[in-house]
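Asker: Quick one: sequence plus predicted model below, questions after.
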Amino acid sequence: MEAVIAILKNILKNTTVAIVLGVILGLIVGLLMGWVIWPVEWINGTPADMREDLREDYLRMTIDSYNRTGDTDKAIERWNNLGESKNRVYGLVQADPEYLNPADVQQFSALVQGATGAPIQPVAPTGGEEPSATSSLFLYGAIAVLVVMAGVGGFYVFRLLRKRTGPVTAVMHGAEINRQVEKTDFQSLGLAPPITQTMTTYVLGDDLYDESFSIDTGGGEFLGEYGVGVSETIGVGEPKKVAALEIWLFDKNDIKTATKVLMSEHAYNDPNIRARLEPKGELVVVKPQEQVLLETATLQLLATVVDMDYGTGAMPQKSHFERITLELAVWPRSGQ
């Protein structure tokens with residue numbers, strides 16, 4: 001359950017996805033509340049509020065009741081209950097009296113004229129769509145659109161969930177470690193805040209591990225770049241067994257890029273590997289909390305080994321990395 005909650009939180013970080021899901025959820029909740037939980041209840045309504053086909057039935061029953069009882073007052077009261085639609089409804093009943101005698105329908109018209117002093121002016125049916133039918137069509141259309149939106153949104157979320165709950169790659173594992181590790185608060189240590197500060201993690205299986213980052217001032221001025229990548233592997237087969245990482249710092253004001261090589265203990269003690277890597281820069285044995293400083297004409301980079309673990313298996317002990325997390329922080333060089 002916690003994993004699902006974490007996945008949903010990551011999904012909702014996307015503003016567009018959050019808005020779409022919010023709209024769909026709002027429509028669904030609104031329909032449930034309006035039609036199921038708290039539906040509209042009509043109290044003391046009149047026939048004028050009914051559907052037109054029901055108003056027709058109401059007028060037929062009114063005419064039939066008057067023919068049977070002769071109660072003029074009740075007939076006129078019921079006629080007035082039809083409100084502004086009464087002339088249209090009378091025209092519909094006149095065109096289709098059903099079980100009534102057409103003469104009785106005409107007699108009712110004479111009754112209304114005699115009682116009110118105004119003749120009925122029936123509105124001939126046009127065969128067009130009735131207002132109630134239009135409203136129903138609009139409602140069904142709105143529901144159809146909602147269903148489609150819910151389906152599309154659900155499919156999109158399903159795709160995201162399936163993508164995020166698939167196999168965890170080495171790159172994904174490294175990115176998750178970077179998110180979880182807390183960066184050093186250099187100000188609390190009495191140091192100025194760095195220009196840039198980054199966490200980067202190599203995990204066994206990330207054969208293309210090569211990270212680079214830009215160095216820019218707060219005003220957007222480009223100062224240089226820095227990064228870390230694979231420098232040496234040992235053994236054969238997949239995944240590659242990384243025995244050394246190369247950290248570099250490029251300064252736009254310096255013609256030379258500063259480089260240092262972080263090596264496993266086995267690689268550092270192997271003369272052949274040392275001979276291959278010495279031209280790349282100073283060689284350093286990796287240890288937890290080890291700090292390495294790189295300096296150029298105007299910049300300095302402090303690399304801290306936050307955490308590390310050696311790989312196991314058929315390879316020599318402490319020969320390659322299973323995982324290594326580095327914190328890279330860059331400052332202007334003192335006096336610059």
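Answerer: Here it is on my side, so go on.

Asker: Using the three-state scheme, assign the nearest residue to residue 204 once chain neighbours are set aside.
Answerer: Excluding its sequence neighbours, the residue lying closest to residue 204 (C-beta to C-beta, 6 or more residues apart in numbering) is residue 322, at 5.0 Å. No exception for glycine: its C-beta is placed from N, CA and C like everyone else's. Taking DSSP: H, G, I helix; E, B strand; the rest coil as the rule, one finds residue 322 in the strand state.

Asker: residue contacts, residue 333?
Answerer: 295-300 (C-beta atoms under 8 Å, 6 or more residues apart in numbering).

Asker: Please report the distance of it from residue 27.
Answerer: Between residue 333 and residue 27 the distance, using C-beta to C-beta, to the nearest Å, works out to 58 Å.

Asker: shaky segments in the stretch 1-150 of the chain?
Answerer: 1-18, 42, 124-139 (pLDDT under 70).

Asker: where along it do the helices fall?
Answerer: If you assign secondary structure with DSSP state H, counting those that start in this stretch, the helices in the stretch 1-150 of the chain sit at 2-12, 15-32, 52-69, 72-80, 86-95, 102-116, 131-164.

Asker: Now do the shortest one: which elements does it pack against?
Answerer: Okay, so that is helix 72-80. In terms of contact count using 3 or more C-beta pairs under 8 Å, 6 or more residues apart in numbering; DSSP states H and E, helix 72-80 is assigned the packing partners helix 52-69, helix 102-116.

Asker: closest one to residue 232 among the ones you listed?
Answerer: Comparison of the helices and strands packed on helix 72-80 against residue 232 by C-beta to C-beta identifies helix 52-69 as nearest, at 85.4 Å.

Asker: Just to check, the residue nearest to residue 204 is in contact with residue 315?
Answerer: No - using C-beta atoms under 8 Å, residue 322 and residue 315 do not qualify as a contacting pair, with a distance of 10.8 Å.

Asker: ok, and residue 301, which helix or strand is that part of?
Answerer: Using DSSP states H and E, the secondary-structure element containing residue 301 is strand 299-310.

Asker: Run the chain-centre distance for that strand.
Answerer: 35 Å (C-alpha atoms, centre = their mean, to the nearest Å).

Asker: Could you do stretch 263-280 as well?
Answerer: In this view, stretch 263-280 has its centroid 48 Å away from the chain centroid, taken as C-alpha atoms, centre = their mean.

Asker: now do the same end-to-end measure for it.
Answerer: Terminal residues of stretch 263-280 lie 12 Å apart, using C-alpha to C-alpha, to the nearest Å.

Asker: Now do that stretch, average pLDDT.
Answerer: Along stretch 263-280, the predicted confidence averages to a pLDDT of 94.

Asker: buried stuff in it?
Answerer: 263-268, 270, 273, 277 (16 or more other C-beta atoms under 10 Å).

Asker: In helices, which of the residues you listed appear?
Answerer: When the buried residues of stretch 263-280 are checked against helices using DSSP state H, the ones located there are 265-268, 273, 277.

Asker: ok, which stretches of the stretch 201-336 of the chain are strands?
Answerer: 210-216, 222-234, 241-251, 258-263, 282-285, 291-295, 299-310, 321-332 (DSSP state E, counting those that start in this stretch).

Asker: before we move on, the earlier item: ok, of the buried residues of stretch 263-280, which one's closest to residue 121?
Answerer: Comparing the buried residues of stretch 263-280 against residue 121 with C-beta to C-beta places residue 264 closest, at 100.3 Å.

Asker: Can you name the residues that contact the residue nearest to the closest one when sequence neighbours are not counted?
Answerer: Using C-beta to C-beta, 6+ apart and skipping the chain neighbours, the partner closest in space to residue 264 is residue 243 (4.8 Å). Residues touching residue 243, when contacts are defined by C-beta under 8 Å, 6+ apart, comprise 232-234, 263-264, 266-267, 273, 319-321.
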